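# I would like to see how this sequence folds:
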Amino acid sequence: MDLLNAIVALANFVIVPAIVYGSQLALGALGVTLIYGILRFSNFAHGDTMAFGAMVTILATWGLQSLGINLGVFPTALLALPIGIAGTALLVLATDRLVYKFYREQKAAPVILVIVSMGVMFIMNGLVRFIIGPDDQRFADGARFIITARDFKEKTGLSEGLAIKSTAALTVVVAIIVVLLLFWFLNKTRTGKSMRAFSDNEDLALLSGINPERVVMITWIIVAALATTAGVLYGLDKSFKPFTYFSLLLPIFASAIVGGLGNPLGAIAGGFVIAFSEVTVTYAFKKVAGYLLPEAWEPDSLVQLLSTDYKFAVSFAILVIVLLFKPTGLFQGKSI
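Have a look, this model is predicted:
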């Protein structure tokens, strides 16, 4: 029984949270890797694009709730998500038209576009804070749990409970659906194949008659959908706070680079590598050790490698190691 309790404790505090967090990072990293692979620059405004998309969705959710419209056990935010995606798509397309297009036509170096994206990042961050405020905003409704720790204990007879939030299950299901749709689009549709061709060889793609402006437009729309979905799922699972999304930029970029920047499959793998690393290194294993070790050997300390305050330091360390020893990432993306 102690072994089962240890496994349940590990699942409750490490495995399930890491899978959920990894799904959110994977969606965010997919947006970063698409921008890098097709538009050829690192978009530092991606975290605040997620925040903007989540903000529009929250405002739409509040509007629906005020009208008495909901989805019962599911969050009303799912109904508002298309509105958030549409609003974010309009923002990024306008930003591309007013800002990035000029530098693209000038064939500016990628580092110039990176600096420009940092300026866009600060503007977006200020815009989101001005509209919705800097404080936490909770917008999740519907059922809170699929199974509570108490119900799990009663059904299994174990002393350790497993609680699964409905938002956690929703995150994983939505992430799987979005990833499958994205890969189907990139591999089976004519537009998706054009985007891949443009990413592999821009000059050859232009000679083949591919419209570069259409590729750019579709890329930004897909990125808006991915960023908004990732931002909303993260906000539902935790809470919405604009600065949090700014902080997420490090683990998202680390996910994209670890997997192989420009490689969508690598972005997904990198998201889970970063998520499991952060959660595992900052988890206190005292409870698990208490179940597995003899009573005389039970540790007095938390058995924690790093405090949760240093969670993002794990991402940074992994990022530095990958850049030093394997800059193309796990799945042979483009070198940094």
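# Off-centre distance for the strand or helix carrying Glu278?
Take DSSP states H and E as the rule and Glu278 turns out to sit in helix 264-282. Distance, stretch centre to chain centre, for helix 264-282: 11 Å (Cα atoms, centre = their mean, to the nearest Å).
# same thing with stretch 43-63?
Its chain's C-alpha centre and that of stretch 43-63 lie 13 Å apart, by Cα atoms, centre = their mean.
# for stretch 298-310, same thing?
Distance, centroid of stretch 298-310 to centroid of chain: 26 Å (Cα atoms, centre = their mean).
# Report the helix or strand with the lowest average pLDDT across the chain.
Least confident element among the helices and strands of the chain, by mean pLDDT, DSSP states H and E: helix 202-207 (a mean of 80).
# which outside residues touch that one?
194, 197-198, 212, 215 (Cβ atoms under 8 Å, 6 or more residues apart in numbering). Quick note: C-beta positions are derived from backbone N, CA and C, even for glycine.
# Run a quick check on Phe285 versus Gln304, I expect a contact.
Yes. With contact defined as Cβ atoms under 8 Å, Phe285 counts as touching Gln304 (7.0 Å).
# higher neighbour count, these two?
The neighbour count for Phe285 versus Gln304, taken as other Cβ atoms under 10 Å, is higher for Phe285 (20 against 13).
# quick one, phi psi at the residue lying farthest from the centre of the chain?
Distance from the C-alpha centroid of the chain, by Cα atoms, centre = their mean, peaks at Ala296 (42.7 Å). Main-chain torsions, Ala296, degrees, to the nearest 10: phi -70, psi -20.
# ok, now Ile147?
phi -150, psi 140.
# Would you map the strands across the stretch 1-150 of the chain?
145-147 (DSSP state E, counting those that start in this stretch).
# Can you name the residues that contact Phe152?
8, 158, 161-163.
# pLDDT at Ile336, what is it?
Predicted confidence (pLDDT) for Ile336: 43.
# Now the two most distant members of the contacts of helix 202-207.
Ala197 and Pro212 (11.1 Å; Cβ to Cβ).
# Please name the residues that touch Val223.
By Cβ under 8 Å, 6+ apart, the neighbours of Val223 are 31, 34-35, 43, 46, 49, 92.
# Buried residues of the one helix or strand it maps to, list them for me.
Assigned by DSSP H and E, Val223 belongs to helix 212-237. Within helix 212-237, the residues scored as buried using 16 or more other Cβ atoms under 10 Å are 215-237.
# And for stretch 150-167?
Quick answer for stretch 150-167 (16+ other Cβ under 10 Å): 152, 158, 160-167.
# again with stretch 83-90
83-89.
# which one among the residues you listed gets closest to Val111?
Thr88 (25.8 Å).
# tell me the contacts of the nearest residue to Val56 once chain neighbours are set aside?
Of all residues beyond its chain neighbours, the one nearest Val56 is Gly87 (3.9 Å), with distances taken as Cβ to Cβ, 6 or more residues apart in numbering. Taking Cβ under 8 Å, 6+ apart, we find Gly87 in contact with 52-53, 56.
# What of Val111?
Val111 touches nothing, counting by Cβ under 8 Å, 6+ apart.
# for Lys193, same thing?
Contacts of Lys193 by Cβ under 8 Å, 6+ apart are 186-187.
# make it 10 Å
185-187, 210 (Cβ atoms under 10 Å, 6 or more residues apart in numbering).
# how much space between it and Ala289?
To Ala289, Lys193 is 52 Å away according to Cβ to Cβ, to the nearest Å.
# Equivalent analysis for Phe122, please.
45 Å.
# cool, Gly63 as well?
49 Å.
# Which one of these two is surrounded by more residues?
Ala289 (16 against 13).
# helices and strands around the helix or strand hosting that one, which ones?
Assigned by DSSP H and E, Ala289 belongs to helix 286-292. Helices and strands touching helix 286-292, as assessed by 3 or more Cβ pairs under 10 Å, 6 or more residues apart in numbering; DSSP states H and E, comprise helix 2-10.
# who touches the helix it packs on?
Contacts for helix 2-10 (Cβ under 10 Å, 6+ apart): 15-16, 149, 152-153, 156-162, 280, 283, 285, 287-293.
# cutoff 6 Å now
Residues outside helix 2-10 that contact it (Cβ atoms under 6 Å, 6 or more residues apart in numbering): 158-160, 162, 287-288, 291-292.
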